[in-house]
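A.B. asks: Dropping the sequence and predicted coords here.
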Amino acid sequence: MSMRPMTDIATALIPDFDLTAHNTLALRARSRFAVMIDQPALLPALFDYAATQNLPLRILGGGSNVVLSSRFDGITALLALRGRSIVEQTSQATLIEAAAGEVWHDLVRWTVNQGVGGLENLAFIPGTVGAAPVQNIGAYGAELADIFHSLTAYDRASGATLTIDKKDCAFGYRDSTFKQQPNRYVVLSVRLALPQSWTPNLRFAGLTDLADATELDPQKVMERVIALRTSKLPDWRTTPNAGSFFQNPIVTTENAAPVLEEFPSAPCYPQADGRAKLSAGWLIENSGLKGYRMGPAGISERHALVLVNHGGAQQSDIAALANHVKATVLARFGIELHEEPIFL
Ligand code: EPU
């Protein structure tokens, strides 16, 4: 694959690009320029071009975990790298590789349909494959790190394409080295190692009864996960949202004590380090904010952890509501919340 010269980047730029359809919050957002990246070889020329022209450059995948500014005075690169395959079958695992622009749930369905288990608990999460490692997506007792093998990424610091193994990704709860250094890497492809011998992961409350099911397979677990998500979380296609808007706060037992004294049955999950994970959704609901509206932005009536766009919202509307939620929960429970999506 040859690298396109910078002049070709200039012709590929689309001016005054509307990003409303490129973010699941459907925020009104425009970019001075946009460009489709459908081959990794375009990246070096693109970064060179942006540097020479003194234009800020940001990368956008599925737009499911971002709060976009209404006007970006630079280039938004829309990552459209496609392709997925089984690269290797060993006695231990099936090794899958998928390009960053693939839709995450399509990858989950594709593996499950072939009878390959391992991704079923992570079904129906909006977004792309490339975004999955950035925040170490997780749901229903599983997280990406459980089955992650390695990824390839373009390193803006060195201009090289690197293979990064799991041990170097610094995965944590909704966290990774890619989230810590937001402007450094562009994820190009991801490899997952799905275990050859499938063990269903049914620890999560809504899944435990499946243990009694006859002929349980990854398909049945996936269907349950989809049903759970559909029943609990608003669908971004009808009610634009970015999933959980806050992380579940992990606090010291001293900080958790006042909440648990007042509400002994409040959700509280002890962590390996002695701290406690509280439920942000519970804290928001019990601060009286479920269904609350502030202009065009609101808190979902179905799930208090999800901020929604009721129509025509911009970044400033979402930011104002998020600040109100944080201040209210802090005043009521003394607990600080942190946003999960990235403000771009
Ligand atoms: N709760 C409430 N009110 C609400 C919502 C939740 O009181 O309006 C309480 C309930 O007591 C419930 C508890 O919160 O038992 C936990 O709720 P849920 O099972 O819905 O999970 P969550 O902790 O709110 C996390 C992830 C979700 C993931 C689910 C299921 C985070 C920030 N969120 O939500 O991930 O789907 O668990 O595993 O960790 C996402 O990241 O975008 C996302 C949707």
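C.D. replies: In hand now; what should we look at?
A.B. asks: how about the residues of the stretch 151-300 of the chain near the ligand?
C.D. replies: Neighbours of the ligand within the stretch 151-300 of the chain, by C-beta under 6 Å from any ligand atom: Lys232, Leu233, Gly243, Ser244, Gln247, Asn248, Pro267, Ser279, Gly281, Trp282, Glu285, Lys290. No exception for glycine: its C-beta is placed from N, CA and C like everyone else's.
A.B. asks: Please name the nearest non-neighbouring residue to the first one.
C.D. replies: I take that to be Lys232. Take Lys232 and drop its neighbours on the chain: the residue closest to it by C-beta to C-beta, 6 or more residues apart in numbering is His303, 5.7 Å away.
A.B. asks: quick check, that neighbour in a helix?
C.D. replies: No: if the criterion is DSSP: H, G, I helix; E, B strand; the rest coil, then His303 is coil and not within a helix.
A.B. asks: which residues sit in contact with Gly311?
C.D. replies: Residues near Gly311 by C-beta atoms under 8 Å, 6 or more residues apart in numbering: Pro296.
A.B. asks: Tell me the spacing between it and Arg71.
C.D. replies: Gly311 is 19 Å from Arg71, where distance means C-beta to C-beta, to the nearest Å.
A.B. asks: Could you give the residue of the stretch 151-300 of the chain that lies closest to the ligand?
C.D. replies: Gly243 (2.4 Å; C-beta to the nearest ligand atom).
A.B. asks: what helix or strand is that residue on?
C.D. replies: strand 241-244 (DSSP states H and E).
A.B. asks: Tell me which strands the helix or strand that comes right after that strand pairs with, and in which orientation.
C.D. replies: Per DSSP H and E, the first helix or strand lying C-terminal to strand 241-244 is strand 250-251. Sheet neighbours of strand 250-251, with direction, are listed as strand 276-278 (antiparallel) (DSSP bridges).
A.B. asks: if we can go back for a sec, how close does the residue nearest to Lys232 sit to Phe343?
C.D. replies: Taken as C-beta to C-beta, the span from His303 to Phe343 is 21 Å.
A.B. asks: which one of these two has more residues nearby?
C.D. replies: Shown here are His303 and Phe343; by other C-beta atoms under 10 Å, His303 has more neighbours (19 against 12).
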